[in-house]
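Novice: Here is my input; please provide its structure:
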Amino acid sequence: MSKIVTLAAWALIALCLVALITLPVNLQTQLIASVLVVTFMALIKLMKAGGKWRLIALAFGSAMVLRYIYWRTTETLPPFNQPENFIPGFLLYLAELYNVMMLALSLFVVAMPLPSRPSRAATPGKYPKVDVFVPSYNEDIGLLANTLAAAKGMDYPAEKLTVWLLDDGGTLQKRNSTNLIEAQRAAQRHRDLQKLCSDLNVRYLTRERNEHAKAGNLNNGMQHSNGDLIAVFDADHAPARDFLLETVGYFEDDPRLFLVQTPHFFLNPDPLERNLRTFEKMPSENEMFYGIIQRGLDKWNAAFFCGSAAVLRRKALEDTGGFSGLSITEDCETALALHSRGWKSVYVDRPLIAGLQPATFASFIGQRSRWAQGMMQILMFRMPLFKGGLSIPQRLCYMSSTLFWLFPFSRTIFLFAPLFYLFFDLQIFTASGGEFLAYTLVYMLVNLTMQNYLYGSFRWPWISELYEYAQTVHLLPAVVSVLANPRKPTFKVTAKDESVRESRLSEISRPFFVIFAVLFAAVLITVYRVYSEPDKADVTLVVGGWNLLNLILAGCALGVVSERGERAASRRVKVSRRCEFAVGEEWYPATVEDVSAHGARVQVYGLPGDGLAIDTRARIRFEPYSGDGTPETLPLTIRNVEVSGDLTIIGCRYTPEAARHHSLVADLIFANSEQWSEFQHMRRYNPGLLRGTLWFLWLAFYQTSRGLTYFFRSMAADREARATR
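Specialist: Residues are numbered from 1 along each chain as shown. Okay, the predicted model is just below:
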């Protein structure tokens with residue numbers, strides 16, 4: 001009886017909503033209602049009301065979005081008998097429908113995400129046996145040494161932990177290659193990594209052939225190991241000491257649990273953060289996914305494997321034949337297969353690993369292209385909406401994750417739609433200037449307000465739009481290619497530990513300047529048409545405003561593709577850890593101020609810094625977290641010296657000479673996961689819609705001028721180079 005009452009209530013609410021959406025009103029009434037709804041949503045946001053009030057605000061916003069779509073469908077489409085207007089107009093309409101569909105899926109996933117899960121340590125005496133897999137292909141040996149040492153140093157019973165380096169760069173196929181240089185490099189790598197693994201007391205494993213990319217490498221590791229659980233870390237993802245203690249306990253609670261996934265935290269900024277200089281003050285792009293979306297997916301038992309920083313149950317993987325390798329995103333595909341077999345997942349919202357992300361814009365685009373193409377393969381090959389064994393919420397969650405990567409199509413249409421009117425006078429959106437304000441502008445405001453509700457301190461206003469635009473230019477052909485030939489894409493390893501030593505334009509920056517020039521020309525056309533066609537001024541101004549918004553995004557993207565040079569090879573993380581410092585035989589009290597993957601910055605008391613030469617050998621002595629309290633010594637090389645009163649501030653580079661030294665480096669950088677949580681929380685605050693918009697406008701103005709400066713310098717350098725030939 002209660003179910004019938006509930007269904008009847010929902011049916012009544014749906015009917016009321018339909019009546020509200022389709023209610024015929026004049027333009028003035030629509031405008032007043034829109035202002036009231038936006039004001040109501042803003043007040044709830046200002047009062048920081050959560051729970052039911054949050055849902056009520058989102059419901060009002062959804063009603064306004066649906067009313068806009070109803071108006072677009074019934075009153076604004078060009079006549080069918082005018083194909084020059086109807087075709088681009090209908091494409092724009094489809095792009096808007098896609099955005100509304102993605103908004104609906106996002107609301108379903110993250111309207112009320114699960115709170116962060118509490119710590120769940122394993123019961124003493126019941127520690128399961130764990131195999132740690134570190135798959136590798138072409139990564140630097142020093143980088144691998146840090147990751148392997150950090151994995152080996154995790155706080156876990158030694159007899160229950162086996163660390164494996166799964167090397168796909170030294171396979172028999174590569175060592176016997178007909179390319180002599182490739183064969184010699186692979187053979188040398190094979191020998192070097194065998195020695196490294198022997199020194200660190202970890203297992204080295206390679207295979208005969210490079211088949212099925214990362215998934216094949218992981219499956220090969222499964223065939224040679226027998227742990228109850230498998231922890232996976234990318235070659236540049238080093239775990240904190242408490243990684244296993246914070247994750248394996250969940251497997252005790254549910255025998256059907258196949259996955260415990262944790263966030264990916266990065267020590268270095270992505271290219272947008274580095275070039276825009278936002279890394280220290282604004283949440284990273286990936287925090288929206290790991291801070292909100294994964295918790296929303298977790299609510300519906302749909303949190304998925306992200307390729308690293310995760311623990312999986314061997315029994316579950318064996319149930320589906322190991323890691324899936326049909327697509328080039330084996331992680332999400334594996335989770336989809338296991339969820340469809342009734343296995344469950346858990347997401348632990350605490351950074352327990354620290355990694356590196358692409359430093360150059362070209363590598364960033366290469367990584368995102370692989371993600372986009374892999375998700376499209378999953379969409380076509382696995383068809384999550386119709387996948388047997390999934391619950392309806394799980395189907396919707398996987399559709400949200402895969403369909404998201406179609407955004408290059410809608411973003412391209414939104415970018416060029418105003419140009420159809422401004423350049424060719426095509427009527428692809430039949431509405432007056434007043435109707436644009438009452439419907440379209442309100443729709444945009446409501447959309448931004450809802451995004452602010454959903455993602456708040458995890459994503460500032462307009463940043464999502466900038467990231468999507470910056471990716472669209474190169475992701476569109478990548479997505480088109482996989483839709484045309486789903487089996488064409490192959491797995492490409494993301495470049496690790498890159499650096500940009502000199503300021504320059506990205507090698508893939510040219511299309512951004514061409515688009516900016518076209519949009520700027522459209523601004524001039526807007527001004528001309530306002531004066532030459534005053535009877536159409538209202539529509540021209542509205543469309544010109546839309547184009548101006550696109551120009552602002554495009555201008556900001558010029559700064560994104562203008563690569564800033566950095567002296568430091570990797571980003572430093574503050575640690576404030578007591579130690580002793582020595583040059584020669586005398587030791588001085590000191591503090592490690594910050595660390596990076598390559599070196600440390602040390603404050604030393606009482607050391608005369610005037611006579612210290614660059615490249616002088618030095619040492620620090622400290623108590624590692626993973627030791628017995630006995631101080632240990634790490635060799636260094638001095639790179640720079642700065643004297644400040646009684647303190648001498650020394651920049652050092654690690655110079656490990658033995659396997660234990662790699663463990664000490666890992667202990668300095670990765671052992672304490674609390675420092676990563678503190679850094680994330682320091683950046684997480686919500687500037688609000690108005691202040692965030694003003695900040696973005698200032699950012700766009702500055703980055704536009706910086707990008708144009710790089711461009712003209714590049715042109716002058718090219719002319720000078722040609723003149724000297």
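Novice: How about residues contacting stretch 674-685?
Specialist: Under the criterion CB atoms under 8 Å, 6 or more residues apart in numbering, residues 240, 265, 280-284, 287, 291, 350-351, 354, 457-458, 573-575 lie in contact with stretch 674-685. Glycine gets a C-beta too; all of them are placed from N, C-alpha and C.
Novice: ok, now with 10 Å
Specialist: 240, 242, 263, 265-267, 278-284, 287, 290-291, 349-354, 456-458, 460, 573-577, 595, 669-670, 672 (CB atoms under 10 Å, 6 or more residues apart in numbering).
Novice: among the residues you listed, which ones are buried?
Specialist: Among those, those classed as buried by 16 or more other CB atoms under 10 Å are 240, 242, 263, 265-267, 278-279, 282-284, 287, 290-291, 349-354, 456-458, 460, 573, 575, 577, 595, 669-670, 672.
Novice: Just the ones of these in helices?
Specialist: In this view, those that belong to helices under DSSP state H are 287, 669-670.
Novice: now those in JSON lines, with distance to Thr655 and pLDDT?
Specialist: Converted to JSON lines, those look like this (distance: CB to CB, whole Å; pLDDT from 0 to 100):
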{"residue": "Glu287", "distance to Thr655": "34", "pLDDT": "89"}
{"residue": "Ile669", "distance to Thr655": "15", "pLDDT": "86"}
{"residue": "Phe670", "distance to Thr655": "19", "pLDDT": "88"}
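Novice: Out of those residues, which comes closest to Phe233?
Specialist: Phe670 (10.7 Å; CB to CB).
Novice: Contacts only, for the closest one.
Specialist: Applying CB under 10 Å, 6+ apart, we find Phe670 in contact with 146-147, 149-151, 153-154, 237-241, 243, 267, 352-355, 573, 595, 597, 625, 676.
Novice: distance of it from Pro283?
Specialist: Phe670 is 21 Å from Pro283, where distance means CB to CB, to the nearest Å.
Novice: repeat for Lys152
Specialist: For Lys152, the distance to Pro283 equals 32 Å [CB to CB].
Novice: In this structure Cys579 contacts Leu634, no?
Specialist: Yes - at 8.9 Å, Cys579 and Leu634 qualify as touching, with contact defined as CB atoms under 10 Å.
Novice: hey, what's in contact with both of these two?
Specialist: Any residue near both Cys579 and Leu634 by CB under 10 Å, 6+ apart counts here, and that gives 592, 600, 619-622, 668.
Novice: and which of those is nearest to Pro24?
Specialist: Leu668 (68.3 Å).
Novice: Name all residues that make contact with the closest one.
Specialist: Taking CB under 10 Å, 6+ apart as the test, what Leu668 contacts is 146, 573, 575, 577, 579, 592, 595-596, 600, 620, 622, 624-625, 634, 654.
Novice: what does Ser116 give?
Specialist: 291, 295, 298, 347-350.
Novice: Pull out the buried residues from the helix or strand hosting Gly142.
Specialist: Element membership for Gly142 (DSSP states H and E) is helix 141-152. Going by neighbour count (16+ other CB under 10 Å), the buried part of helix 141-152 is 143-152.
Novice: Could you check how far stretch 31-45 is from the centre of its chain?
Specialist: 32 Å (CA atoms, centre = their mean, to the nearest Å).
Novice: Extract the C-alpha set from that stretch and format it as PDB.
Specialist: Below are the C-alpha coordinates for stretch 31-45, written out as PDB (Å, rounded to 0.1, in the frame of the first residue of the first chain):
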ATOM      1  CA  LEU A  31      11.200  37.100 -16.800                       C
ATOM      2  CA  ILE A  32       9.800  37.800 -13.300                       C
ATOM      3  CA  ALA A  33       9.500  34.100 -12.600                       C
ATOM      4  CA  SER A  34      13.100  33.600 -13.700                       C
ATOM      5  CA  VAL A  35      14.400  36.300 -11.500                       C
ATOM      6  CA  LEU A  36      12.500  34.900  -8.500                       C
ATOM      7  CA  VAL A  37      13.900  31.400  -9.000                       C
ATOM      8  CA  VAL A  38      17.500  32.600  -9.500                       C
ATOM      9  CA  THR A  39      17.100  34.800  -6.400                       C
ATOM     10  CA  PHE A  40      15.700  31.900  -4.400                       C
ATOM     11  CA  MET A  41      18.500  29.600  -5.400                       C
ATOM     12  CA  ALA A  42      21.100  32.300  -4.600                       C
ATOM     13  CA  LEU A  43      19.600  32.900  -1.100                       C
ATOM     14  CA  ILE A  44      19.700  29.200  -0.300                       C
ATOM     15  CA  LYS A  45      23.300  29.100  -1.400                       C
END
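Novice: So Thr162 belongs to a strand, correct?
Specialist: Yes - applying DSSP: H, G, I helix; E, B strand; the rest coil, one finds Thr162 inside a strand.
Novice: can you pull the contacts of the residue nearest to Ser400 when sequence neighbours are not counted?
Specialist: Nearest in space to Ser400, with sequence neighbours left out and distances taken as CB to CB, 6 or more residues apart in numbering, is Leu105 at 3.8 Å. The contact partners of Leu105, taken as CB under 10 Å, 6+ apart, are 396-397, 399-401, 403-404.
Novice: so which of these is the most crowded?
Specialist: In terms of neighbours by other CB atoms under 10 Å, these top out with Cys397 at 27 neighbours.
Novice: quick one: secondary structure of that residue?
Specialist: At Cys397 the chain is in helix, as set by three-state DSSP.
Novice: measure it to Glu468 for me?
Specialist: 21 Å.
Novice: Repeat that for Arg295.
Specialist: Look at Arg295 and Glu468: by CB to CB, they are 22 Å apart.
Novice: Asp253 too?
Specialist: Taken as CB to CB, the span from Asp253 to Glu468 is 39 Å.
Novice: Those two - which one has more neighbours?
Specialist: Using other CB under 10 Å as the criterion, Asp253 and Glu468 rank with Glu468 on top: 17 against 9.
Novice: and that one, what element?
Specialist: helix 463-484.
Novice: So which bits of that helix are buried?
Specialist: Neighbour-count burial for helix 463-484 flags 463-476, 478-479, 482 (criterion: 16+ other CB under 10 Å).
Novice: List the strands paired with the helix or strand following it, with their directions.
Specialist: Where DSSP H and E defines the elements, the next helix or strand beyond helix 463-484 is strand 504-505. Applying DSSP bridges to the sheet, strand 504-505 is found paired with strand 562-563 (antiparallel).
Novice: who touches the strand it pairs with?
Specialist: The contact list for strand 562-563 (CB under 10 Å, 6+ apart) reads 271, 274-276, 359-362, 500-507, 509, 512, 703, 706-711, 713-714.
Novice: Helices - which of these land there?
Specialist: Taking DSSP H as the definition of helices, these contribute 271, 274-276, 361-362, 512, 703, 706-711, 713-714.
Novice: Now a ChimeraX select for only the buried ones of these.
Specialist: To isolate the buried ones among these in ChimeraX, judged by 16+ other CB under 10 Å, type:
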select :271,274,275,276,361,362,512,703,706,707,708,710,711
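Novice: low pLDDT regions in the stretch 501-650 of the chain?
Specialist: For the stretch 501-650 of the chain, applying pLDDT under 70 flags the ranges 567-571, 609, 611, 627.
Novice: one step back: I'd like the shared contacts of Cys579 and Leu634 as a markdown table, with secondary structure appended.
Specialist: Output for the shared contacts of Cys579 and Leu634, formatted as a markdown table (three-state DSSP):
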| residue | secondary structure |
| --- | --- |
| Val592 | strand |
| Ala600 | strand |
| Arg619 | strand |
| Ile620 | strand |
| Arg621 | strand |
| Phe622 | strand |
| Leu668 | helix |
